[in-house]
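Chemist: how does the following fold in three dimensions:
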Amino acid sequence: MSEPWEHLIVSSPASRTVARPAEHPVVIETGLRVPMRDGIRLGATLWRPAAPGRYPVLVERGPHRLEWRTGPAGEYYAARGYAVLGVNLRGCGESEGAFSGPMPGTPSGDGYDTVEWAARQEWSNGRTGMLCGSVSGFTQYQTAAEAPPHLTALLVRQAGGFDVYRALNPGGILALALLQFIAADWTRHNLERVPPERRAIAERRVREFQEAVEAAKPRAVAHLSDPNRRTTVMTPTSLAQRLPLVNHPFFAEIADYYNAWLAHPARDDWWEPGNLAPRATAVQVPICHLGGWFDGFIRATLDAYTAMRASAVAKDSQRLIVGPWPHGPQNVGVSQVGDLSLGPNASLDFFAFRGRWYDHYLQKRPTNLDEDPRVWLYLIGTDTWIGSETWPPGGVAATPWYLQSGERAGSLAPTPPNASEPPDRYAYDPENPVPSIAGGGYLGMGIDQSALEHRLVTYTSAPLAGPLCLVGPVQIVLHAASSAPDTDWVVKLTWVRPDGASIVLSAGVLRARYRAGLARPAPLEPGQPTRFDVEMLPLSVVIPAGHRLRLTITSSDFPALDRNLNTGGEVGQEASGQVATNLIYHDAVCPSRVILPILGAGGSWR
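Modeler: Numbering: from 1, shown residues only. Presented below is the predicted three-dimensional model:
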């Protein structure tokens with residue numbers, strides 16, 4: 001029998017990409033000033049071919065040191081006939097103005113002014129693209145929504161937030177380790193911007209942060225019945241362990257925006273400048289949206305593509321490529337993620353691939369770009385890429401698999417549960433949270449978490465009768481109750497191999513108070529069964545016959561996520577919490593289930 005994905009298989013991106021050799025010696029011009037409409041001047045560095053002439057321009061806007069962040073791309077693309085302009089955001093590097101954190105505090109219009117200034121320079125031919133990803137991906141999307149006339153094409157890698165609130169507060173839960181790292185890292189990159197009277201304090205605190213990270217070494221947790229199977233977990237830094245979270249003395253005077261983030265735990269109007277979805281219609285340029293299945297920001301990548309594909313002026317020139325990679329430029333093209341080995345087709349020369357995109361639109365060189373699929377997805381477990389005109393691909397059926405009782409642990413099956421199954425019960429103590437998995441992708445994706453699963457509620461399928469192909473979004477419908485007025489749900493979907501390894505493929509989280517919406521917090525009625533819809537990260541994988549699926553549930557993932565203190569009090573303001581007793585229901589009245597995106601659903605595929 002042919003597999004349901006075989007007709008979608010296309011060649012890998014690497015097979016379409018040939019690295020173009022360097023053609024030009026490169027000169028670097030530092031100390032440039034880019035004027036904004038309000039008189040503020042932004043510091044910039046230019047990499048360009050040494051030969052006089054007009055070249056297409058690639059711009060990167062971000063808060064980091066330009067020689068570190070933009071330098072490698074500047075050297076590479078300038079040698080191939082581009083002018084590359086690295087520009088610091090306001091209050092960073094040599095840029096004037098105040099820095100409030102680029103998400104969502106980046107002033108509107110700075111991207112527009114930067115692109116148009118670059119287009120007027122003697123080394124520019126007017127055609128302008130942008131680099132790169134994460135924070136710089138957000139600034140690309142923001143600039144695209146401003147629609148500067150000379151913006152020509154973008155390739156956005158693993159954007160740090162098409163919707164910044166969701167990026168920094170997944171499911172309404174503070175991404176604690178990320179927030180603290182961002183504040184310390186941006187301070188480290190901009191120590192020279194700290195006023196002289198506070199610089200010694202800032203330098204000392206950056207050293208203290210690095211020492212705290214060094215002291216919090218990851219540790220290995222052994223499987224209860226198999227000491228050879230281990231999971232490496234994060235040890236919280238002293239900064240993460242401190243309660244309350246607000247008014248943290250470490251960040252006082254050096255990163256005041258840290259407290260600003262904490263002051264807005266719900267999705268209120270303060271976050272709206274960082275929500276680019278309403279402005280997707282204004283996008284007038286081709287964009288290649290590049291993401292990774294193990295990247296915590298993959299949902300932002302897919303949301304951006306979906307919104308622009310639906311309504312942008314340039315909706316017909318949007319492309320999507322998702323590989324099996326975690327976050328970060330160093331991870332694009334890796335062939336190993338945690339405990340998951342990928343095949344050679346996962347590899348990609350990112351600089352060359354991106355160069356092919358910009359050669360097509362900015363250099364007007366002949367390429368075979370028009371022969372590529374609109375949507376290019378790596379299929380984990382097969383080492384193949386599949387192509388489609390849509391996301392998700394046609395033929396994907398949203399199929400419920402239900403949580404059920406089992407003899408030793410819960411089971412997961414495509415048939416509804418019995419009418420009167422008792423709920424599963426566990427205690428969550430914020431003083432003893434489940435630790436975050438170290439390494440791999442977001443929330444430990446790609447890692448064998450079996451050594452931790454004695455602390456989780458688990459639901460496992462029978463061995464699959466045939467391969468199961470999952471491509472698309474995943475949703476959890478969870479019927480649960482808590483003894484507390486608030487608690488968290490942390491849900492993971494894993495691939496259980498015959499040797500017992502339980503590889504995390506997808507994760508989703510939700511703070512219970514936000515069950516009716518991220519802008520509408522409401523306490524729970526203790527003990528009352530309640531429906532919670534938990535949005536999981538999408539996936540693209542084939543689980544082989546004889547292997548199993550598992551769903552795990554708990555209420556913490558610390559320090560990656562802020563601990564819920566279970567009090568229902570104001571987030572970040574309290575110094576102590578209480579134990580919550582949480583119940584998971586799975587019966588005919590409260591059928592908890594996972595909605596799987598099954599390609600070729602039916603028969604043995606279920």
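
Chemist: helices of the stretch 101-250 of the chain, start to end?
Modeler: For the stretch 101-250 of the chain, helices defined by DSSP state H, counting those that start in this stretch occupy the ranges 102-105, 110-119, 135-146, 164-168, 176-189, 196-215, 238-241.

Chemist: other SSEs contacting the longest one?
Modeler: Using 3 or more CB pairs under 8 Å, 6 or more residues apart in numbering; DSSP states H and E as the contact test, the elements touching helix 196-215 are helix 176-189, helix 238-241. Bear in mind the C-beta positions are built from the backbone N, C-alpha and C, glycine included.

Chemist: domain ranges for the protein, per the record?
Modeler: Following automatic domain parsing, one gets these domains for the chain: 6-167+271-388, 175-264, 396-605.

Chemist: before we move on, back to that, export the helices and strands packed on helix 196-215 to JSON lines and tack on mean pLDDT and mean neighbour count?
Modeler: Compiled in JSON lines, the helices and strands packed on helix 196-215 are given as follows (pLDDT from 0 to 100; neighbours: other CB atoms under 10 Å):
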{"stretch": "helix 176-189", "mean pLDDT": "82", "mean neighbour count": "21"}
{"stretch": "helix 238-241", "mean pLDDT": "88", "mean neighbour count": "18"}
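
Chemist: can you redo these as a markdown table with distance to residue 265?
Modeler: Below are these laid out as a markdown table (distance: least, CB to CB, whole Å):
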| stretch | distance to residue 265 |
| --- | --- |
| helix 176-189 | 12 |
| helix 238-241 | 17 |
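
Chemist: ranking the domains of the chain by mean pLDDT, which is last?
Modeler: Among those, domain 175-264 carries the lowest mean pLDDT, at a mean of 83.

Chemist: what's the span of that domain from first residue to last?
Modeler: With CA to CA, to the nearest Å as the measure, domain 175-264 spans 13 Å from end to end.

Chemist: got it, and stretch 430-444?
Modeler: Start and end residues of stretch 430-444 are separated by 20 Å (CA to CA).

Chemist: list the buried residues for that stretch?
Modeler: Neighbour counts over stretch 430-444 (16 or more other CB atoms under 10 Å) mark 430, 433-444 as buried.

Chemist: among the residues you listed, which lie within strands?
Modeler: With strands taken from DSSP state E, there is no overlap with the buried residues of stretch 430-444.

Chemist: just curious, which of the residues you listed is nearest to residue 24?
Modeler: residue 441 (37.1 Å; CB to CB).

Chemist: just give the number of residues close to the closest residue to residue 436 other than its chain neighbours.
Modeler: Nearest non-adjacent residue to residue 436, counting by CB to CB, 6 or more residues apart in numbering: residue 560, 3.9 Å away. Applying other CB atoms under 10 Å, we find 27 residues neighbouring residue 560.

Chemist: residue 560 in helix, strand or coil?
Modeler: The three-state label given to residue 560 by DSSP: H, G, I helix; E, B strand; the rest coil is coil.

Chemist: show me what contacts it?
Modeler: 175, 176, 177, 178, 234, 436, 443 (CB atoms under 8 Å, 6 or more residues apart in numbering).

Chemist: now, which of the residues you listed sits nearest residue 500?
Modeler: residue 443 (20.5 Å).

Chemist: helix/strand/coil for the closest residue to the closest one other than its chain neighbours?
Modeler: Excluding the flanking residues, the one nearest residue 443 by CB to CB, 6+ apart is residue 507, at 4.1 Å. Three-state assignment for residue 507 (three-state DSSP): strand.

Chemist: show me what contacts residue 507?
Modeler: Neighbouring residues of residue 507 by CB under 8 Å, 6+ apart: 442, 443, 444, 445, 490, 491, 492, 493, 536, 537.

Chemist: that one and residue 495: what is the separation?
Modeler: Here residue 507 is placed at a distance of 13 Å from residue 495 (CB to CB, to the nearest Å).

Chemist: now do residue 22
Modeler: Here the criterion is CB to CB. By it, residue 22 lies 42 Å from residue 495.

Chemist: who has more neighbours out of those two?
Modeler: Ranked by neighbour count (other CB under 10 Å), residue 22 and residue 495 place residue 495 first, with 25 against 14.

Chemist: partners of that one in the sheet?
Modeler: Using DSSP bridges, the beta-bridge partners of residue 495 come out as residue 503, residue 549.

Chemist: that one and residue 92, how far apart?
Modeler: Distance of residue 495 to residue 92, given as CB to CB: 41 Å.

Chemist: buried ones in stretch 195-210, by neighbour count?
Modeler: 202, 205, 206, 209.

Chemist: nearest spatial neighbour of the last one, skipping sequence neighbours?
Modeler: To tie it back to what came earlier, the one meant is residue 209. Closest residue to residue 209 apart from its sequence neighbours, by CB to CB, 6+ apart: residue 184 at 4.1 Å.

Chemist: does residue 382 really touch residue 542, like I thought?
Modeler: Yes - Residue 382 lies in contact with residue 542 (CB atoms under 8 Å); the separation is 5.2 Å.

Chemist: need the residues touching each of those two.
Modeler: Residues touching both residue 382 and residue 542 by CB under 8 Å, 6+ apart: residue 5.

Chemist: return stretch 155-170 as PDB; C-alpha atoms alone will do.
Modeler: Output of stretch 155-170 as PDB, limited to C-alpha atoms (Å, rounded to 0.1, in the frame of the first residue of the first chain):
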ATOM      1  CA  LEU A 155      13.100  36.300   4.200                       C
ATOM      2  CA  VAL A 156      12.100  36.100   7.900                       C
ATOM      3  CA  ARG A 157      13.800  33.400  10.000                       C
ATOM      4  CA  GLN A 158      12.100  32.100  13.100                       C
ATOM      5  CA  ALA A 159      10.400  35.400  13.900                       C
ATOM      6  CA  GLY A 160      10.400  36.200  17.600                       C
ATOM      7  CA  GLY A 161       6.900  37.400  17.600                       C
ATOM      8  CA  PHE A 162       4.300  38.200  15.000                       C
ATOM      9  CA  ASP A 163       2.200  38.500  18.100                       C
ATOM     10  CA  VAL A 164       4.600  39.500  20.900                       C
ATOM     11  CA  TYR A 165       2.200  38.700  23.800                       C
ATOM     12  CA  ARG A 166       1.800  35.100  22.700                       C
ATOM     13  CA  ALA A 167       5.600  34.800  22.100                       C
ATOM     14  CA  LEU A 168       6.500  36.000  25.700                       C
ATOM     15  CA  ASN A 169       3.400  34.700  27.400                       C
ATOM     16  CA  PRO A 170       2.400  31.300  25.800                       C
END
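
Chemist: distance between it and the chain's centre?
Modeler: Distance of stretch 155-170 from the chain centroid (CA atoms, centre = their mean, to the nearest Å) equals 6 Å.
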